[in-house]
Each structure stands twice: as structure tokens, then as C-alpha cells.
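Engineer: got a predicted structure plus its sequence, pasted below:
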Amino acid sequence: VVYACNFAGIMFLLVVCVRVLMGVLSESWYVPDETWQSVEVAHRLVFGTGYKTWEWSVGIRSSLHPLMFALPLAFLQTLGLHSQYLVVLLPKLTQAIITATCEYLFIQSSDAKLRRWLAVLLIFNWHTLYSGSRTLINTVEYCLTCLTLAVYQNNQKDVDMKKSLQYLPLVGLGFILRPTSALLWAPFCAIDVFNLLRKRRFKTILKWLSLSLAVVVLCVIIDSVFYGSVTITPLNFFIVNVYNNLGVNYGTHPWHWYLSAGLPALLGPLIFPLVVSLTARAPARSNLASREPDRFILPVVFNLVCLSCLPHKEMRFLQSSLPFLFLLIAPTLSKYFTSLQRMLEVIFVVGNVCGALFLSLVHQRGVVDAALFIGSSGAELTIKGEGVELLQLMPCHSTPLYSHIHTNISTRFLECTPNLQNDESYREEADIFYADPESWLQNNFSQDSEKPDLIMYFDVLTPTIKRYLEDYTVCATFFHTMFPEGKVGGHVVIRAKKSLATLACDNRFIDGSPRIFRDIVNMFKAVVKI
């Protein structure tokens with residue numbers, strides 16, 4: 001018992017430390033939803049500055065997600081500690097601790113023989129390292145999956161089946177936050193309800209369905225208060241993303257993409273033990289709903305089939321499937337000789353940590369650095385001070401906004417609201433700009449007095465708007481990525497009007513070294529000077 005308690009304590013400390021550390025080290029940009037659908041809205045609620053994208057105008061996002069981060073931000077504001085650094089960091093640390101807690105509960109609920117491998121796979125997978133502290137709705141969905149699985153596994157020992165549907169209220173909460181999360185749990189719910197009906201446990205079904213409905217209704221009430229009218233976000237989500245299929249605006253992939261690209265990239269070499277796990281017991285598999293761990297195959301397959309039917313696909317949509325996948329992979333890995341297992345653990349941890357650190361510290365960091373720079377130094381770049389106006393000539397939502405700037409600077413960016421009114425002549429502003437950048441600039445800023453004080457853009461745009469940039473001087477250039485592609489360049493450039501620029505606009509170059517390392521160096525230099 002003492003050993004078990006010590007192991008559990010060490011495990012919890014490990015997962016919390018890893019997630020918090022990655023939250024501190026996370027200095028890069030993943031996808032727009034990471035900030036625009038969460039902390040940007042939370043910043044608007046608490047500080048009054050923030051932008052609501054079109055998703056909030058049609059009510060397809062639940063307010064519960066930004067409210068998660070509004071609470072710690074309000075705490076900072078109350079204490080008067082809302083510095084730019086803490087406003088950016090605290091939501092990530094909040095998400096990191098939530099993720100760590102849910103992962104720990106999931107690991108502890110699993111078979112004791114599998115816990116070591118589950119801990120290694122769950123904690124040190126490159127994607128969980130990379131996104132475990134990011135303020136994405138997919139990370140919240142992943143957390144709820146871990147938590148729901150923990151409840152589900154703990155209740156499998158219930159012979160009377162009185163608690164067999166105890167996980168259902170959490171499924172309801174996940175459905176409100178991310179409607180597609182229900183796909184993973186639909187098979188289990190159907191099987192468990194069928195078994196209860198067969199045994200005439202009507203009171204048990206009614207009890208947990210009522211509690212689940214109560215959770216859903218409470219969430220709908222909170223969302224309705226937030227939006228100012230009755231709002232059922234899952235219904236709106238279905239109408240917009242499935243019925244009207246607006247997700248295609250953000251790219252399409254073939255039906256097999258999750259199998260041919262998404263899953264292999266997410267798992268890496270683990271795809272091989274997954275295949276072994278799926279095929280080794282195939283002849284003996286007679287009842288997918290009851291065998292352990294074969295019963296976890298059905299949710300994964302059902303989720304993959306349903307998501308593959310939608311044209312817009314992203315790897316992060318599979319993030320919530322990871323706990324199920326690792327429950328399938330862990331038994332195969334645990335059968336190897338102890339010495340081989342240790343070697344595989346070291347290789348897995350080192351490889352995944354290196355990949356996650358590269359993505360967190362190096363790849364796609366320029367837009368975050370630039371936003372932080374605007375927030376901390378933007379008012380010093382021109383003689384207008386805090387009245388400065390910034391124009392972002394970049395693909396839509398390429399950078400975080402007020403959640404990172406945390407200064408009331410006037411900003412304008414290229415809009416990409418989809419065609420919500422089915423207007424045949426409608427074109428997104430970003431598409432119009434990139435079709436003819438110079439004409440767009442001339443039409444929107446024909447007079448010199450109308451031109452923005454500051455411009456932020458990717459370096460690949462420089463040749464296209466070279467004439468327009470003659471009136472601007474370079475203030476700073478930020479490394480962004482080693483792999484520029486299309487409209488996304490290798491560097492982010494900030495320029496100021498020559499007639500307004502101050503000495504602070506000094507054509508500095510910010511390399512790709514992690515900010516935390518630069519902060520340590522600057523602190524050391526300050527100490528040496530003292």
C-alpha cells in the first residue's frame with residue numbers, strides 16, 4: 001500500500017511538472033483557435049479588449065471554454081498583477097494543471113500492469129507534450145476523454161451495474177464543449193444502455209440520463225446568458241459545420257487522410273505496435289464490447305469513420321482518441337522483455353521530447369514574438385505613442401491578438417469571415433488582398449494620412465508590395481520558421497512610417513532562440529552591471 005501511494009504521488013508530481021514546464025516553454029504558434037476561440041474572448045471579458053470571430057456571431061462555440069481562462073485572468077486583474085507576461089502565461093499553466101490532473105486520474109484507473117507504459121505514452125507523446133498546455137478546445141476535449149475514461153474504467157467492477165452510466169454526465173459536458181466528442185462515446189453509451197435495458201434496470205438508465213440532461217441544460221443556460229438569447233451551441237455547430245459544410249473554407253482532405261497521414265503522424269513509430277495489437281488477437285476476438293482491451297477498438301473506429309466523412313480534417317481532431325489508442329498499444333509493449341521495454345521507453349521519450357521542444361521553441365514562433373513585441377514596445381516605435389495604429393497584412397488569424405498584445409493599440413487585420421449569407425458575389429477580404437495586394441492597399445489607403453502607422457507582414461510579401469513599403473522603415477524582424485510555405489514566410493517584419501518612426505525603430509533582428517533563454521541572459525547581464 002505504501003509503495004502504491006508513493007508511486008501514485010510520484011506519478012502525479014511527474015505529470016504536473018512535465019505539463020507546467022511545457023507550458024512555460026511553449027513559445028510558438030500552433031493554430032488560430034489556440035487563442036482566437038479561447039483566451040482572446042476571455043481577455044475581452046476581463047479587460048475589455050479582444051476580438052470575437054464570426055464563430056461567436058453564429059453561436060457555435062460554448063462560452064464555458066473562454067470562461068475557464070477568464071477566471072484566472074480576473075484573479076490577476078483583481079490583484080493588479082496583470083502584466084503582459086502573466087496574462088499570456090497563466091492561462092497556459094491553468095490548462096497544463098487541468099491536463100495533468102485528468103491524465104493522472106486516467107492512468108490510475110487503468111490496469112496496474114499497464115500503468116507504466118500508459119504513463120510513458122500519455123505524458124511523453126510529442127503531441128500531448130506540444131498541446132497539453134495550449135488553450136485549445138481540443139485539449140479540453142482530450143482532458144474530458146481522460147477523465148471520462150477514468151470514471152468508466154473505475155465502474156467496470158460494478159457487478160450490479162448501478163454505476164455503469166456514471167460517465168454519461170461528463171459525456172454531456174464534452175458534447176456541449178465539442179459536439180464531435182460524442183462520437184467516441186456513442187458506442188459505449190449504446191452498449192451500456194442496451195445491457196441495462198436487457199436486465200430491466202430502468203431506474204439506473206433514468207437516473208444517469210436525467211443527470212446528463214441536467215448538465216446539458218445548465219450549460220445551455222450559461223451559454224444563453226453569455227449570448228443574450230437562447231443558444232444551443234451543438235445545434236448551431238451541426239448546422240454550420242455539417243449541414244452548411246463551412247469547414248471546407250479552411251481546407252479539404254481525401255477521405256483516407258486520417259488513416260494515411262493524420263494517425264501515422266500523431267503516433268509515429270507507435271503505429272506498428274497498434275497494428276500488432278489490432279491484428280494479433282483478431283481470430284480470438286468474439287465480442288468487442290466486453291473483451292479487454294479490445295472493447296476500446298470500437299470507439300476509435302467509429303470516431304475515425306465519422307470524422308473521415310467530413311471534408312475538413314486536422315490532426316488535432318484526433319487528439320481525444322489518444323487515450324483509447326494508448327490503451328490498445330500498451331498491452332503489446334508490456335509483453336516485451338524488461339530490458340527491451342526500458343530501451344524502447346528511452347528511445348520514445350528522447351525522440352518525442354526533442355520533437356516537442358523543436359515545435360514549442362523554434363517552429364512558428366515569429367508571430368508570437370511579434371505580437372508580444374507590439375504589446376511591449378509598439379507605442380515606442382512612433383511619435384504617436386499609444387495612439388499608434390497597426391495593420392497586419394498576413395493570412396487570416398496568423399497571429400495572436402489582444403490576448404498577447406495586452407495593450408489597447410488599434411489593430412486591423414485581413415478578415416476571412418465565410419459566406420454566411422450565401423451571396424454568390426461574396427469574397428473574403430484576405431482573398432481579395434492576396435489576389436492583388438497593391439490594388440487593395442491603394443483602395444483602402446489612398447491618402448497618405450490614411451496609411452497605418454505600423455505594418456506587420458511575412459517577408460515573402462515584400463516583393464509584391466515593395467512600392468508601398470517605400471514610405472516605411474524596418475523596426476524589427478523576427479524569425480518564424482525554417483520551413484516557409486506559400487503565404488507564410490520564414491520571418492515576420494514590422495515597419496513604421498518613416499515620418500513617424502522613433503529611434504526605437506532600429507531594424508533589430510530577433511533570432512529564433514527561446515525567449516526564456518534570452519530573459520535569463522538579460523537578467524544575468526543586469527546582475528553583472530549592478
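Structural biologist: Thanks, I have the structure now.
Engineer: give me the below-cutoff pLDDT ranges for the protein.
Structural biologist: 1-7, 157-161, 281-293, 337, 512-530 (pLDDT under 70).
Engineer: try 50
Structural biologist: 1-3, 283-290, 530 (pLDDT under 50).
Engineer: next, the buried residues of stretch 325-333.
Structural biologist: Residues 325, 326, 327, 328, 329, 330, 331, 332, 333 are the ones in stretch 325-333 that count as buried (16 or more other Cβ atoms under 10 Å). C-betas here are computed from N, CA, C, even on glycine.
Engineer: which one among those gets closest to residue 463?
Structural biologist: residue 325 (45.1 Å; Cβ to Cβ).
Engineer: contacting residues around stretch 407-419?
Structural biologist: 49, 53-54, 84, 246, 249, 374-376, 378-379, 386-397, 399, 401-402, 405, 426, 428-431, 433, 452 (Cβ atoms under 8 Å, 6 or more residues apart in numbering).
Engineer: er, stretch 263-270 actually
Structural biologist: 121, 125-127, 271, 274, 304, 315, 318-319, 322, 325, 329, 348, 351-352.
Engineer: and those, which is closest to residue 150?
Structural biologist: residue 322 (14.3 Å).
Engineer: quick check: that closest one touching residue 126?
Structural biologist: No. Using Cβ atoms under 8 Å, residue 322 and residue 126 do not qualify as a contacting pair, with a distance of 11.0 Å.
Engineer: so which residues of the chain form strands?
Structural biologist: Using DSSP state E, the strands of the chain run over 389-393, 410-413, 454-458, 472-479, 491-497, 508-510.
Engineer: measure how the first one sits relative to strand 454-458, angle-wise.
Structural biologist: Taking axes from the mean of the first three to the mean of the last three Cα atoms, to 10 degrees, strand 389-393 and strand 454-458 form an angle of 20 degrees between their directions.
Engineer: name the helices or strands packed onto strand 389-393?
Structural biologist: On a contact count with 3 or more Cβ pairs under 8 Å, 6 or more residues apart in numbering; DSSP states H and E, strand 389-393 meets strand 410-413, strand 454-458.
Engineer: for the last one, buried residues please.
Structural biologist: Think strand 454-458. Buried, per 16+ other Cβ under 10 Å, within strand 454-458: 454, 455, 456, 457, 458.
Engineer: specify the beta-bridge partners of the last one.
Structural biologist: Judged by DSSP bridges, the bridge partners of residue 458 are residue 492.
Engineer: how close does it sit to residue 503?
Structural biologist: 26 Å (Cβ to Cβ, to the nearest Å).
Engineer: cool, and the fourth one?
Structural biologist: When Cβ to Cβ is applied, the distance between residue 457 and residue 503 equals 23 Å.
Engineer: got the contact list for the nearest residue to residue 82 once chain neighbours are set aside?
Structural biologist: Leaving aside its sequence neighbours, residue 82 sits nearest to residue 76 (Cβ to Cβ, 6 or more residues apart in numbering; 4.4 Å). Residues counted as contacts of residue 76 (Cβ under 8 Å, 6+ apart) are 82, 86, 87, 90.
Engineer: sorry, back to before: just the ones of the contacts of stretch 407-419 in helices?
Structural biologist: Secondary structure from DSSP state H places 54, 84, 374, 375, 376, 402, 405, 429, 430, 431, 433 of these in helices.
Engineer: possible to save these as a markdown table with distance to residue 199 and neighbour count?
Structural biologist: As requested, the ones in helices among the contacts of stretch 407-419 are exported to a markdown table (distance: Cβ to Cβ, whole Å; neighbours: other Cβ atoms under 10 Å):
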| residue | distance to residue 199 | neighbour count |
| --- | --- | --- |
| 54 | 48 | 14 |
| 84 | 58 | 15 |
| 374 | 63 | 27 |
| 375 | 60 | 21 |
| 376 | 64 | 15 |
| 402 | 55 | 23 |
| 405 | 58 | 26 |
| 429 | 59 | 15 |
| 430 | 57 | 21 |
| 431 | 58 | 12 |
| 433 | 63 | 22 |
